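Asks: sequence unknown, structure follows:
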């Protein structure tokens with residue numbers, strides 16, 4: 001495994017409030033404890049992310065499942081394996097995000113697995129992630145499906161997750177290393193350290209396929 005670039009802060013060095021948030025991460029995931037344990041080096045960074053994630057991902061005005069698809073689109077685009085191997089429990093429980101959809105993310109415009117609203121949201125994520133130029137037609141499409149408050153929240157969320165994932169992918173952190181023993185929010189087939197290792201060794205592992213085929217397939 002590649003060398004980890006920034007250490008995890010031990011739980012015993014965190015405040016009670018931070019430990020409570022770490023417990024939530026272990027039980028609910030997205031984020032899992034490892035990324036939070038890195039941010040814990042700076043309490044302001046820890047809470048800034050935790051509070052923003054709560055307010056514009058887990059809650060808010062835009063559909064949570066739409067935001068989860070956008071999050072996973074970013075994971076596939078920047079090849080953040082740590083984030084890409086997680087799933088939102090809330091979105092999965094609602095039946096709104098499944099593995100067939102996830103596997104078709106980089107081909108979303110041509111896919112029959114997404115609604116027009118979902119495709120519009122993913123086009124928004126694509127434009128932000130790949131810094132694409134947009135025109136009136138693009139914004140007319142978005143406005144057919146989303147209100148202005150929804151567009152603000154979705155845009156802020158995509159920007160937040162893109163920045164975090166672009167950073168986290170550099171750190172070589174992985175799951176089942178902090179507060180190990182929970183399967184919360186892990187993608188199917190990644191629930192344990194052993195399963196994670198097997199999945200990553202497979203030739204069909206999504207990150208290997210994306211690196212070999214090129215990620216920007218919808219443009």
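Replies: Yes, it's here. Just so we're clear, the structure is a prediction, and the values are computed from it rather than from any experiment.

Asks: The residue most central in space within the chain: helix or strand, and which one exactly?
Replies: With distances taken as C-alpha atoms, centre = their mean, the chain has residue 71 as the residue nearest its mean C-alpha position (3.9 Å). Using DSSP states H and E, residue 71 sits in helix 64-78.

Asks: With residue 174 instead?
Replies: If you go by DSSP H and E, residue 174 is not part of any helix or strand.

Asks: Quick check, pLDDT for it.
Replies: The predicted local distance difference test score for residue 174 is 97.

Asks: How much space separates it from residue 38?
Replies: For residue 174, the distance to residue 38 under the criterion C-beta to C-beta, to the nearest Å works out to 12 Å. C-betas here are computed from N, CA, C, even on glycine.

Asks: More neighbours: which of those two?
Replies: More neighbours sit around residue 38 than around the other of residue 174 and residue 38, counting by other C-beta atoms under 10 Å; the figures are 22 against 19.

Asks: Spatially nearest residue to that one (excluding sequence neighbours)?
Replies: residue 6 (5.3 Å; C-beta to C-beta, 6 or more residues apart in numbering).

Asks: could you list every residue that touches the one you found?
Replies: 38, 41, 171, 173 (C-beta atoms under 8 Å, 6 or more residues apart in numbering).

Asks: Surely the third one is in contact with residue 5?
Replies: Going back to what we said before, that points to residue 171. Yes. Residue 171 lies in contact with residue 5 (C-beta atoms under 8 Å); the separation is 4.7 Å.

Asks: Pick out whichever of the two has more residues nearby.
Replies: Relative neighbour count places residue 171 above the other of residue 171 and residue 5, with 18 against 10, counting by other C-beta under 10 Å.

Asks: Now do the SS call for the more buried one.
Replies: Three-state call for residue 171 (DSSP: H, G, I helix; E, B strand; the rest coil): coil.

Asks: Torsion angles phi and psi at it?
Replies: Backbone torsions of residue 171, given as degrees, to the nearest 10, read phi -90, psi -20.

Asks: Just the pLDDT for it.
Replies: Note for residue 171: predicted pLDDT of 98.

Asks: Can you tell me how far residue 117 is from residue 150?
Replies: Using C-beta to C-beta, we find residue 117 at a distance of 10 Å from residue 150.

Asks: same thing with residue 74?
Replies: Using C-beta to C-beta, one gets 18 Å for the distance from residue 74 to residue 150.

Asks: Next one: the nearest residue to residue 90 once chain neighbours are set aside, what pLDDT does it get?
Replies: The shortest distance from residue 90 to any residue other than its chain neighbours is 5.5 Å, reached at residue 64 (C-beta to C-beta, 6+ apart). Model confidence at residue 64, expressed as pLDDT, equals 96.

Asks: contacting residues for residue 64?
Replies: Residues touching residue 64, when contacts are defined by C-beta under 8 Å, 6+ apart, comprise 57-58, 88, 90-91, 94, 96.
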